[in-house]
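*Asks:* Show me how the following folds:
(4 chains)
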There are 2 protein chains.
Amino acid sequence: MTTVTDTPPASRTDTYHHGDLRTALLDAAVQVLAEHGVSGLSLRECARRVGVSHAAPYRHFASKEALLAAIAAQGFAWLYAAGSAAMAPFTDPVARLDAYGLSYVRFALAHPQHFRLMFTSECSRDAPTAEGQDADLAYRLLRDAALAVSPPGVDPDVAAVAYWSRPHGLAMLLLDARIPAARVASAAALTELIHATVHGERWTR
Amino acid sequence: MTTVTDTPPASRTDTYHHGDLRTALLDAAVQVLAEHGVSGLSLRECARRVGVSHAAPYRHFASKEALLAAIAAQGFAWLYAAGSAAMAPFTDPVARLDAYGLSYVRFALAHPQHFRLMFTSECSRDAPTAEGQDADLAYRLLRDAALAVSPPGVDPDVAAVAYWSRPHGLAMLLLDARIPAARVASAAALTELIHATVHGERWTR
DNA sequence: GATTGATGTTGCTGCTGTCAACATAGCCGA
DNA sequence: TCGGCTATGTTGACAGCAGCAACATCAATC
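*Replies:* Presented below is the predicted three-dimensional model:
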């Protein structure tokens, strides 16, 4: 007993109280999603992996859906942070929009489970939870960037959607493996793909 | 007994054998999906709606996932047909690509359950089933159209993905209600949105 | 040091996917 | 005409799951 004040709150699995069960469950859920997909996820399996009884998750999440929503909210926060950071170094509107698209696709590839949940859940529209908070921030970030690139008179929402659809569609197709794997093998190839998608206007005459 | 030869095979629900249980189950499943989403779908509920015992579906589908895959396959066939029909009247490459994008988004809005299953299932990549058949046809349709619009030297797959991502992303965002509802209220507004997304190059200089 | 609220456990109910054994019916050859 | 064959549908069972209620444990506070 030198200067042992207290155990770190995140890693006590041998005591009655877990310490940080909520984030442990979130992490376990993401791992299960990666291994078995959303249809193979169960709260009981998450509890088992964390070493806790099958009803313990209900102290932190009202339902299985609430846990998934929490993961999505985490994803929106990360996405917003990544987009902000990516755009920060640039002032040119086109460069900023480009940086946003790049970081968007990179985020989807880095956190596929989060990304899928963020846009695949079928009930997150009704409840304006904390998820909506960061989702709105991310949306406004994109809309402002798109508006700065568009000529005056264009509806901001139309501009935002037009430029959102491209990286979003690419990300979705990449996650669904609908794109030949060779296209994503090297970072250079992926970057080329992203550029071609986000502003492919150089091709059409 | 005038000329009554046989009862129509699609609508006998009072006899021991249903007549066309397979398609009846598919239709019921799509309806359940529309009402309760994929997480609220169960084979037992589908069987109940069709008026059949809970194990009857297993005579037509190996598993719940197989039923979902069948719906997705149906969707790919429809999508391919719609894309072909939409492009047929045109010969100009840009017009053909435009028509494809328009029909793509229209298909997603007309058959949201099918569309979501087509691109959201997490295991359809492994098994090259009949679904892959029509999916490949649809992909080749798009790739050829994109290639006709691209300058020589462009990788066909890159061109295809670049032009696929736009309507695909827009469709996904529309289905997830991530786009203000007012944007989709009128057919004209929707068409404007689609055009802006599919070839927004007119805006950036 | 007792109390209280947060956190974790045990046990239960109803639902689900899936399988095995059985029932029915339409069809085909004798 | 009749008897069997096969496709199709039924019943019953099992294990796993979401969610709830009642109970247990712990930590902090008065």
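
*Asks:* What helices and strands are in contact with whatever helix or strand residue A:159 lives in?
*Replies:* Using DSSP states H and E, residue A:159 falls within helix A:156-175. Applying 3 or more Cβ pairs under 8 Å, 6 or more residues apart in numbering or on different chains; DSSP states H and E, one finds that helix A:156-175 makes contact with helix A:93-110, helix A:112-120, helix A:130-149, helix A:187-198, helix B:156-175, helix B:187-198. Bear in mind the C-beta positions are built from the backbone N, C-alpha and C, glycine included.

*Asks:* What ranges in chain A fall below the confidence cut-off?
*Replies:* Along chain A, the parts satisfying pLDDT under 70 run over A:1-14, A:16-17, A:122-132, A:200-205.

*Asks:* How about the residues of it by DNA strand D?
*Replies:* A:15-17, A:41-45, A:54-55, A:58, A:62-65 (Cβ under 7 Å from any atom of the strand).

*Asks:* of those residues, buried ones?
*Replies:* Among these, those that count as buried by neighbour count (16 or more other Cβ atoms under 10 Å in any protein chain shown) are A:41, A:43, A:45, A:64.

*Asks:* Report the separation between the second one and residue A:55.
*Replies:* What that stands for is residue A:43. Distance of residue A:43 to residue A:55, computed by Cβ to Cβ, to the nearest Å: 9 Å.

*Asks:* Give the buried residues for whichever helix or strand residue A:28 is part of.
*Replies:* Taking DSSP H and E as the criterion, residue A:28 maps to helix A:21-36. The neighbour-count check on helix A:21-36 (16+ other Cβ under 10 Å) flags A:21, A:24-26, A:28-30, A:32-33 as buried.

*Asks:* Just want the most central residue of chain A.
*Replies:* Centroid-nearest residue in chain A, with Cα atoms, centre = their mean: residue A:75, separated by 3.4 Å.

*Asks:* Can you give me every residue that contacts that residue?
*Replies:* By Cβ atoms under 8 Å, 6 or more residues apart in numbering or on different chains, the residues touching residue A:75 are A:111, A:114-115, A:117-118.

*Asks:* And for residue A:118?
*Replies:* Contacts of residue A:118 (Cβ under 8 Å, 6+ apart): A:72, A:75-76, A:79, A:135.

*Asks:* ok, it to residue A:59 distance?
*Replies:* 25 Å.

*Asks:* Surely residue A:114 is in contact with residue A:82?
*Replies:* No - taking contacts as Cβ atoms under 8 Å, residue A:114 lies outside contact range of residue A:82: 11.3 Å.

*Asks:* Between those two, tell me which one has more neighbours.
*Replies:* Comparing residue A:114 with residue A:82 by other Cβ atoms under 10 Å in any protein chain shown, the one with more neighbours is residue A:114, at 22 against 19.

*Asks:* Which residue is the nearest non-sequential neighbour of that one?
*Replies:* Among residues not flanking residue A:114 along the chain, residue A:75 sits closest, at 3.3 Å (Cβ to Cβ, 6 or more residues apart in numbering or on different chains).

*Asks:* ditto for residue A:103
*Replies:* Closest to residue A:103 by Cβ to Cβ, 6+ apart is residue A:86, at 3.6 Å.

*Asks:* so how far is the strand or helix carrying the one you found from its chain's centroid?
*Replies:* Residue A:86 belongs to helix A:64-87 when elements are defined using DSSP H and E. Here the centre of mass of C-alpha atoms in helix A:64-87, compared against the chain's by Cα atoms, centre = their mean, to the nearest Å, lies 5 Å away.

*Asks:* Could you give me the buried positions within stretch A:107-117?
*Replies:* Applying 16+ other Cβ under 10 Å to stretch A:107-117 flags A:107-108, A:111-117 as buried.

*Asks:* Reformat the contacts of residue A:75 as CSV; add distance to residue A:159.
*Replies:* Output for the contacts of residue A:75, formatted as CSV (distance: Cβ to Cβ, whole Å):
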residue, distance to residue A:159
A:111, 26
A:114, 26
A:115, 23
A:117, 27
A:118, 22
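
*Asks:* Pick the one among those residues closest to chain B.
*Replies:* residue A:118 (9.0 Å; Cβ to the nearest Cβ).

*Asks:* show me what contacts residue A:121?
*Replies:* A:65, A:68-69, A:72.

*Asks:* same check, this time on residue A:21
*Replies:* A:50, A:52, A:56-57, A:59-60.

*Asks:* looking at the residues you listed, which has the most residues close by?
*Replies:* That'd be residue A:57 among the contacts of residue A:21, by other Cβ under 10 Å, with 24 neighbours.

*Asks:* Ramachandran angles for it?
*Replies:* phi -60, psi -30 (degrees, to the nearest 10).

*Asks:* measure the nearest residue to residue A:137 once chain neighbours are set aside to residue B:30 for me?
*Replies:* Closest residue in space to residue A:137, ignoring its immediate chain neighbours: residue A:80 at 4.8 Å, by Cβ to Cβ, 6+ apart. Applying Cβ to Cβ, the value for residue A:80 to residue B:30 is 35 Å.

*Asks:* ok, now residue A:169?
*Replies:* 24 Å.

*Asks:* same thing with residue A:36?
*Replies:* In terms of Cβ to Cβ, residue A:36 sits 25 Å off from residue B:30.
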